[in-house]
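Peer 1: 3D, please:
(one chain, ligands or ions: 2)
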Amino acid sequence: MAKPVSIEVWNPNGKYRVVSTKPMPGTRWINLLIQQDCRVEICTQKKTILSVEDIIQLIGDKCDGVIGQLTEDWGEELFKALSRAGGKAFSNMAVGYNNVDVNVATKYGVAVGNTPGVLTETTAELAASLTLAAARRIVEADEFMRAGLYDGWLPHLFVGNLLKGQTVGVIGAGRIGSAYARMMVEGFKMNLIYFDLYQSTRLEKFVTAYGEFLKANGEKPVTWKRASSMDEVLQQADIISLHPVLDKTTYHLVNKERLSKMKKEAILINCSRGPVIDEAALVDHLRENPMFRVGLDVFEDEPYMKPGLSEMKNAIVVPHIASASKWTREGMATLAALNVLGKIKGYPVWFDANRVEPFLNENAPPPAASPSIVNAKALGLPVSKL
Ligand SMILES: NC(=O)c1ccc[n+]([C@@H]2O[C@H](COP(=O)([O-])OP(=O)(O)OC[C@H]3O[C@@H](n4cnc5c(N)ncnc54)[C@H](O)[C@@H]3O)[C@@H](O)[C@H]2O)c1
Ligand SMILES: O=C(O)[C@H](O)CO
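Peer 2: Ligands and ions are numbered 1, 2, ... in the order given. Modelled structure (predicted):
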């Protein structure tokens, strides 16, 4: 029998019981739920990753909806428990939902929400930060300084890579991949090569227009290319940033063979999901190719790193913080809460999950809709443009 989990309760007399498996940033999300007659219970247990048993306890006998986290395993057991408690809504506080078995949720009639859009720029900015940190060896140089090793300027000290004029490769040019591509192209005048299952016409138009602007100003224009295979990106790019969803097609997308196709001095960035890279193969590659560098926000077996990774000087590692800006995290909490609230209240689903701004405006009430429900079609939920 699992130990009881500690909770904090808001609006105890609310009609609908909504559980959040973690305290989330800001208070707007709590207020929005309370205003719509919800009793909000927040798990305050000092345990980073809750087990399935912990969450079943939190769900209890009566629960209308749950806001959960990407560290939780939302499959048969949890959706069964939620459905048994009368629950009809779940939302991840994340855009990625590879921790959720959506088919199982649909089977139990539970809507599954996620939080796209609000984290696009914040996540792309972290990918850009890792790119710069890796290119200019900032973490190594910082450690060197703090260790008291600096005894004067030297021509060879921490020489890194210039980005201007080099080629940035993006795998998965969706919301975040495209935002990152624009930052690198516009900010550092890099040429773009990308691979995605779909064409990103907006991104291509952006690079073309910026190239024309540069040309008109007497500068070398930037260029773009849509690669016909991922290997083309790996072979041609100097910087490669991974932004696909994690699913069966992207598991170990970057493996030993693909690493060997990349330039010896390339930089690989991953702010998508850890299992997109075969991390053990990456450690070997880093060991054998000291000029190859990586910037990683995500890991295959989070919270752990594969043996050897933490010792590699040519790796920069941060703990899954890509969406960690205050505005974004508060916005994610709001979108997740509104996903759950919308289903509970019987509201329709918002017509475009990418246009979430009306839900984030603190000075106006949000639309009466769920911002983003990934199984809306399968559940036959109505769609609305309000
Ligand atoms: N590190 C973090 O904190 C963090 C933050 C936000 C998102 N993410 C991750 O980033 C992912 C992408 O988010 P998004 O909002 O840009 O999603 P998105 O759906 O807009 O973009 C994903 C893109 O990947 C492409 N894709 C899918 N399979 C592919 C394949 N096999 N090869 C190449 N491209 C493929 C899709 O066509 C799509 O364009 C999320 O699913 C999540 O896992 C991580
Ligand atoms: O998928 C997501 O949203 C991230 O991993 C956390 O922001």
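
Peer 1: quick check: residues of the stretch 1-150 of the chain near ligand 1?
Peer 2: 95-96, 116, 119, 123 (Cβ under 6 Å from any ligand atom). Where C-beta positions appear, they are placed from N, C-alpha and C, glycine not excepted.

Peer 1: isn't there a helix covering residue 182?
Peer 2: Yes: counting by DSSP: H, G, I helix; E, B strand; the rest coil, residue 182 is part of a helix.

Peer 1: in a markdown table: the residues of the stretch 1-150 of the chain next to ligand 1, plus secondary structure and distance to residue 331.
Peer 2: Below are these laid out as a markdown table (DSSP: H, G, I helix; E, B strand; the rest coil; distance: Cβ to Cβ, whole Å):
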| residue | secondary structure | distance to residue 331 |
| --- | --- | --- |
| 95 | coil | 11 |
| 96 | coil | 16 |
| 116 | coil | 11 |
| 119 | coil | 8 |
| 123 | helix | 12 |
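
Peer 1: can you redo those as JSON lines with distance to ligand 2 and neighbour count?
Peer 2: Listed next are these as JSON lines, based on distance: Cβ to the nearest ligand atom, whole Å; neighbours: other Cβ atoms under 10 Å:
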{"residue": "95", "distance to ligand 2": "4", "neighbour count": "24"}
{"residue": "96", "distance to ligand 2": "3", "neighbour count": "18"}
{"residue": "116", "distance to ligand 2": "8", "neighbour count": "21"}
{"residue": "119", "distance to ligand 2": "5", "neighbour count": "26"}
{"residue": "123", "distance to ligand 2": "7", "neighbour count": "26"}
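
Peer 1: can you tell me which of those comes closest to residue 245?
Peer 2: residue 96 (6.6 Å; Cβ to Cβ).

Peer 1: I'd say that closest one and residue 275 touch.
Peer 2: No: counting by Cβ atoms under 8 Å, residue 96 sits too far from residue 275 to count as a contact (11.4 Å).

Peer 1: list the residues that contact both of these two?
Peer 2: residue 246 (Cβ atoms under 8 Å, 6 or more residues apart in numbering).

Peer 1: output the lowest mean pLDDT helix or strand found in this structure.
Peer 2: One helix or strand of the chain scores below all others by mean pLDDT, DSSP states H and E: strand 383-384, with a mean of 94.

Peer 1: now stretch 225-236: buried residues?
Peer 2: For stretch 225-236, burial by neighbour count (16 or more other Cβ atoms under 10 Å) applies to 225-227, 230, 232-236.

Peer 1: and for stretch 324-337?
Peer 2: Using 16+ other Cβ under 10 Å as the test for burial, stretch 324-337 gives 324-325, 328-337.

Peer 1: now secondary structure and pLDDT too, for the residues you listed, in CSV please.
Peer 2: CSV is the format used below for those (DSSP: H, G, I helix; E, B strand; the rest coil; pLDDT from 0 to 100):
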residue, secondary structure, pLDDT
324, coil, 98
325, coil, 98
328, helix, 98
329, helix, 98
330, helix, 98
331, helix, 98
332, helix, 98
333, helix, 98
334, helix, 98
335, helix, 98
336, helix, 99
337, helix, 99
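
Peer 1: where exactly do the strands run in the stretch 151-300 of the chain?
Peer 2: Applying DSSP state E, counting those that start in this stretch to the stretch 151-300 of the chain gives strands spanning 167-171, 191-195, 224-226, 239-242, 267-270, 293-296.

Peer 1: so after the last one, what's the next helix or strand?
Peer 2: Scanning forward in sequence from strand 293-296, with DSSP states H and E defining helices and strands, the next element found is strand 315-317.

Peer 1: distance from that following strand to the middle of the chain?
Peer 2: Between the centre of strand 315-317 and the centre of its chain there are 18 Å (Cα atoms, centre = their mean, to the nearest Å).

Peer 1: any part of it near ligand 1?
Peer 2: No: Strand 315-317 lies apart from ligand 1 when judged by Cβ under 6 Å from any ligand atom; the minimum separation is 12.4 Å.

Peer 1: okay, now the domains of this protein?
Peer 2: 7-114+346-379, 123-317 (the TED database).

Peer 1: so for residue 385, which of those domains sits nearest?
Peer 2: Closest of those to residue 385 is domain 7-114+346-379, at 4.3 Å (criterion: Cβ to Cβ).

Peer 1: stretch 352-367: end-to-end distance?
Peer 2: From its first residue to its last, stretch 352-367 covers 13 Å (Cα to Cα, to the nearest Å).
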